[in-house]
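Visitor: generate coordinates for the sequence data below:
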Amino acid sequence: MKAKQDGRTAKQKQSDKNVAKLTIDKLAKEKAASDASWAEAKRHNDSVKATPEWQELERRKKLNEANYQGAQNASVVTLKNTSGSSIYVGSSSSHNKGVEVPAGGTAKWECKQDAYIQNHTYNGGTHRYSSTSTKVYSANSGCGNTITIR
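Guide: Coordinates of the predicted model:
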């Protein structure tokens, strides 16, 4: 193979260099065209975003998001766990898994329901949950607030 390459004429070798240069030039032109296309799209987007209609739309989107968050906060209470282990909170006499409140973390709870600590047991590959009589939150008593569980 090496002998075959060494046996090539100067004209053949120059031809290879020309092809390589043409390929590099072609790639550079394609990149320049792509960059120009992106720049044109950015100019267009910036001009659209500068219009009063766009500004009003953005203002309304922010207002709607703030109203949504306010409504969400009014219908839930945040349960904060300051103990060293995760706890489970469920509704009265529930045997279904409630909400896990991780150690040092928080969880959201529906404001309209009482919240009770749940016992969690694991036996033979089965998780069991049962609400205790320990109430940590009374319905509609702290909507939008944070309740600390110790």
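Visitor: mind listing the strands the longest strand that the chain contains pairs with, and their directions?
Guide: Looking across the chain with DSSP state E, the single longest strand is strand 126-137. In the sheet, strand 126-137 lines up against strand 115-123 (antiparallel) (DSSP bridges).
Visitor: what's the following helix or strand after the longest strand of the chain?
Guide: Next along the chain after strand 126-137, taking DSSP states H and E as the criterion, comes strand 146-149.
Visitor: show me where the chain has helices.
Guide: Counting by DSSP state H, the segments of the chain that form helices are 2-6, 10-49, 52-75.
Visitor: got a list of contacts for the longest strand of the chain?
Guide: Residues from elsewhere that reach strand 126-137, judged by C-beta atoms under 8 Å, 6 or more residues apart in numbering: 77, 79, 88-98, 109, 114-122, 147, 149. C-beta here means a position set from N, CA and C on the backbone, and glycine is covered the same way.
Visitor: now for the closest residue in space to K108 that isn't next to it in sequence: which residues touch it?
Guide: Once flanking residues are discounted, K108 sits nearest to V76: 4.6 Å by C-beta to C-beta, 6 or more residues apart in numbering. Going by C-beta under 8 Å, 6+ apart, V76 touches 108-111, 143-144.
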